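J.: Below: sequence and its predicted model.
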Amino acid sequence: MKEKNPWHMPVTIIISVIGVIAIVALVTVAVLQNKPLHQKYKYGIVLDAGSSHTALYIYQWPAEKDNNTGRVEQTHSCKVKGKGISSYAADPWGAGESLTVCMQEAKQQVPVKRHHETPLYLGATAGMRLLNMENSSASDKVFEAVEQALQRFPFSYQGARILSGQEEGAFGWVTVNYLDDRLEQGLETTGALDLGGASTQISFVSDKYDGSESPSNSVTFRLYGNDYNLYTHSFLCYGKDQALRMALAYQTQLGPRTISDPCFHQGYNVSKEYSELYNSPCVSDRKPNGPPVTFNHQGMGNFQQCQEVVKRIFNLTSCKYSQCSFNGVFQPLLQGPFGAFSAYYFVMNFLNLTDTSTPLETVKDKLTQYCATSWAQIRLEHPNVKTKYLAEYCFSGTYILTLLTEGYNFTSESYSNINFIKKIKGSDAGWTLGYMLNLTNMIPAEAPDSPLLPHTGYVSIVTVMALLLFLLFILSLRPLWLRCSKRPQIV
Ligand SMILES: Nc1nc2c(ncn2[C@@H]2O[C@H](COP(=O)(O)OP(=O)(O)OP(=O)(O)O)[C@@H](O)[C@H]2O)c(=O)[nH]1
């Protein structure tokens, strides 16, 4: 005589099968109903028309999350060949044409069906600010040509304009903090240090600054339900290319035929034109009277003397506020971590000085050694680096250190709060992303309502509940099993 297993009984089997199907159906519905829709993306394009060059950035974000948080990312960038658009004053048409290759790339990168709805912006910075100051009709002509060129592409063209220094600083700060998810989460923010070719920006939030002292340095934001009172300042002419011009102008005040420049390596000897050196509003008023056509720019390679030259381009004495950075500009006490990008990164990365835990004295020693290396040796060690960049790293490193410590008042301690960065989570640090987020209203003033549970949490809870229900159901059949097991069957 053998007892029949209750699981083999038809009723139990049918009930179990129905139970399993019910669970699978329940979990499937939970998964499908709450699964994000098939990811479709929207796109935005921003052209950064800088003083030294133009760059194009493409951003994308999930189509159904237009108004959501921390999800816009850079998918592509393109560096326009040649100089910045401000250098086309004598040939405005060339400025428009120069953008064609990168714009064609953008056409390939953005799916065709999204072209017409993709906003396209061009923002120009210090190069065009200077050209506009110097010759506003030339600047208008460059913009006309650029607009015509951009409108030939199938995107939704939203205009080209010059950003103010304040906007450039504030949008750079938004970019850095957005990419770090600091805005959405209401965390302590990171300050932004941007070193361009013609201007430089410093932006940070300080508990000590409420905007009442020097209100022109204050920008207020309400983002994700938090209020920010940002201190920002842009120094026109203190980008690294214009700063170099100013340093050279101090050394050529009397119109000499040769200058021995401590900021260039020994053995560097290049003939340069006075007219070219003084061809900028940052130095034009200092042009010596009747200088020769050219001068010999000779290197001496001495960091300490270079720092003395660089210091001369800063006015560190006049200040009508409670405290200043330089040139009489108000600056509150530095606070928190800082992200330093653009030329800060290019230069410090080349010099192997991005580790800010290195004591400032050691940084100075390394720069001393680097500047003292002969030009022949430097070229031998870096055969693939662009000669213009290579020749200027001693000056640029010295300028950065002087700007940070003497200009902005970073101390040996606060220097370690600086993080030299190029990208954050795959997107370049710079003003462009913040500019687009602002113009597309992609950062809400108030924190968006979030679902009570994330998708995975919801699915897990439904699965656990379904299993528990099934267990309860099986247990409820227990009397049936017992009855079955009490009535043994003879096989
Ligand atoms: N070493 C090095 N320097 C670079 C590189 N790309 C750009 N630069 C230089 O770094 C400086 C800053 O470059 P950008 O951040 O593009 O500045 P920009 O937008 O042209 O200038 P602004 O209009 O003042 O903002 C300029 O002097 C450039 O010539 C690079 O790859 N390596």
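T.: Alright, I've got the coordinates.
J.: C-alpha from now on. contacts and neighbour counts both.
T.: Noted.
J.: can you list the residues of the stretch 151-300 of the chain near the ligand?
T.: 196-199, 239-241 (Cα under 6 Å from any ligand atom).
J.: hmm, try it at 5 Å
T.: Within the stretch 151-300 of the chain, the residues that sit near the ligand (Cα under 5 Å from any ligand atom) are 196-199.
J.: Let me know how buried the residue nearest to Ala243 when sequence neighbours are not counted is, in neighbour terms.
T.: Spatially, and ignoring its direct neighbours in sequence, Ala243 is nearest to Cys237 (6.2 Å; Cα to Cα, 6 or more residues apart in numbering). Cys237 has 24 neighbouring residues, counting by other Cα atoms under 10 Å.
J.: hang on, the earlier thing: out of the residues of the stretch 151-300 of the chain next to the ligand, list just those in strands.
T.: Under the assignment DSSP state E, those contribute Ser199 to strands.
J.: now the residues of the stretch 151-300 of the chain next to the ligand as TSV including pLDDT and neighbour count?
T.: Conversion of those to TSV gives the following (pLDDT from 0 to 100; neighbours: other Cα atoms under 10 Å):
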residue	pLDDT	neighbour count
Gly196	98	26
Gly197	98	23
Ala198	98	25
Ser199	98	26
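J.: Sort out which one of the residues of the stretch 151-300 of the chain next to the ligand lies nearest Ile424 for me.
T.: Among those, Gly196 lies closest to Ile424 (Cα to Cα), at 18.2 Å.
J.: Report the contact partners of that closest one.
T.: 50-51, 239-240, 342-343 (Cα atoms under 8 Å, 6 or more residues apart in numbering).
J.: again with Leu248
T.: Leu248 makes no contacts at all, as judged by Cα under 8 Å, 6+ apart.
J.: Please give the element, helix or strand, for it.
T.: helix 240-251 (DSSP states H and E).
J.: and that helix, C-alpha only, in PDB?
T.: Presented in PDB, the C-alpha positions along helix 240-251 are these (Å, rounded to 0.1, in the frame of the first residue of the first chain):
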ATOM      1  CA  LYS A 240      45.800  83.800 -19.800                       C
ATOM      2  CA  ASP A 241      46.400  85.200 -23.400                       C
ATOM      3  CA  GLN A 242      45.600  88.800 -22.500                       C
ATOM      4  CA  ALA A 243      47.400  88.500 -19.100                       C
ATOM      5  CA  LEU A 244      50.500  87.500 -21.100                       C
ATOM      6  CA  ARG A 245      50.100  90.600 -23.300                       C
ATOM      7  CA  MET A 246      49.900  92.800 -20.200                       C
ATOM      8  CA  ALA A 247      53.000  91.200 -18.800                       C
ATOM      9  CA  LEU A 248      54.800  91.800 -22.100                       C
ATOM     10  CA  ALA A 249      53.500  95.300 -22.300                       C
ATOM     11  CA  TYR A 250      55.100  96.000 -18.900                       C
ATOM     12  CA  GLN A 251      58.400  94.700 -20.200                       C
END
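J.: if we can go back for a sec, adding distance to Pro292, write the residues of the stretch 151-300 of the chain next to the ligand out as JSON lines.
T.: Putting those into JSON lines (distance: Cα to Cα, whole Å) gives the following:
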{"residue": "Gly196", "distance to Pro292": "31"}
{"residue": "Gly197", "distance to Pro292": "27"}
{"residue": "Ala198", "distance to Pro292": "26"}
{"residue": "Ser199", "distance to Pro292": "29"}
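J.: on that earlier part again, wouldn't the residue nearest to Ala243 be in contact with Cys282 here?
T.: Yes: if you go by Cα atoms under 8 Å, Cys237 and Cys282 touch, sitting 5.7 Å apart.
J.: quick one: Ile18 and the ligand, what's the gap?
T.: When distance is defined by Cα to the nearest ligand atom, to the nearest Å, Ile18 is 65 Å away from the ligand.
J.: ditto for Thr356
T.: 19 Å.
J.: Counting by contacts, list what the helix or strand following the helix holding Leu248 packs against.
T.: Using DSSP H and E, the helix or strand that follows helix 240-251 towards the C-terminus is strand 258-261. Helices and strands in packing contact with strand 258-261 are listed as strand 294-299; criterion 3 or more Cα pairs under 8 Å, 6 or more residues apart in numbering; DSSP states H and E.
J.: Direction included, what does the strand it packs on pair against?
T.: strand 258-261 (parallel), strand 269-273 (antiparallel) (DSSP bridges).
J.: Go through the very next helix or strand once past it and flag the buried ones.
T.: Sequence order places helix 303-311 as the next helix or strand after strand 294-299, per DSSP H and E. The neighbour-count check on helix 303-311 (16 or more other Cα atoms under 10 Å) flags 303-304, 306-307, 309-311 as buried.
J.: Could you tell me the angle between the direction of helix 303-311 and that of helix 240-251?
T.: Here the directions of helix 303-311 and helix 240-251 differ by 100 degrees (axes from the mean of the first three to the mean of the last three Cα atoms, to 10 degrees).
J.: Give me the contacts around helix 303-311.
T.: 247, 250, 261-263, 367-368, 371-372, 394-395, 398-399, 402, 406.
J.: same check, this time on stretch 404-414
T.: Contact with stretch 404-414 is made by 311, 314, 316, 325-326, 331, 334, 359-360, as judged by Cα under 8 Å, 6+ apart.
J.: filter the residues you listed to the buried ones?
T.: By 16+ other Cα under 10 Å, the contacts of stretch 404-414 give 311, 314, 316, 325-326, 331, 334, 360 as buried.
J.: out of the contacts of helix 303-311, which are inside helices?
T.: Residues of the contacts of helix 303-311 located in helices (DSSP state H): 247, 250, 367-368, 371-372, 394-395, 398-399, 402.
J.: out of the residues you listed, who's nearest Gly123?
T.: When the ones in helices among the contacts of helix 303-311 are compared against Gly123 (criterion: Cα to Cα), the nearest one is Tyr399, at 26.6 Å.
J.: Tell me, please, the helix or strand in this structure that averages the lowest pLDDT.
T.: Taking mean pLDDT, DSSP states H and E as the measure, the chain has helix 478-486 as its least confident helix or strand, at a mean of 62.
J.: ok, Arg182 - contacts?
T.: Arg182 neighbours (Cα under 8 Å, 6+ apart): 188-189.
J.: SS state for it?
T.: Classification of Arg182 using DSSP: H, G, I helix; E, B strand; the rest coil returns coil.
J.: Okay, and which of the buried ones among the contacts of stretch 404-414 map to helices?
T.: 311, 360.
J.: could the buried ones among the contacts of stretch 404-414 be laid out in TSV, adding pLDDT and distance to the ligand?
T.: As requested, the buried ones among the contacts of stretch 404-414 are arranged in TSV below (pLDDT from 0 to 100; distance: Cα to the nearest ligand atom, whole Å):
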residue	pLDDT	distance to the ligand
Lys311	98	19
Phe314	98	18
Leu316	97	22
Ser325	98	19
Phe326	98	18
Gln331	98	20
Leu334	98	22
Leu360	98	22
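J.: hmm, back to that, among the contacts of Gly196, who's most crowded?
T.: Counting by other Cα under 10 Å, top hit in these: Ser51 with 26 neighbours.
J.: if I look at the closest residue to it other than its chain neighbours, how far off is the ligand?
T.: Closest residue to Ser51 apart from its sequence neighbours, by Cα to Cα, 6+ apart: Gly127 at 3.8 Å. Between Gly127 and the ligand the distance, using Cα to the nearest ligand atom, works out to 5 Å.
J.: for Lys208, same thing?
T.: From Lys208 over to the ligand (counting by Cα to the nearest ligand atom), the distance is 28 Å.
J.: Near the ligand, which residues of the stretch 301-450 of the chain are found?
T.: Near the ligand, when you scan the stretch 301-450 of the chain using Cα under 5 Å from any ligand atom, you find 342-343, 346.
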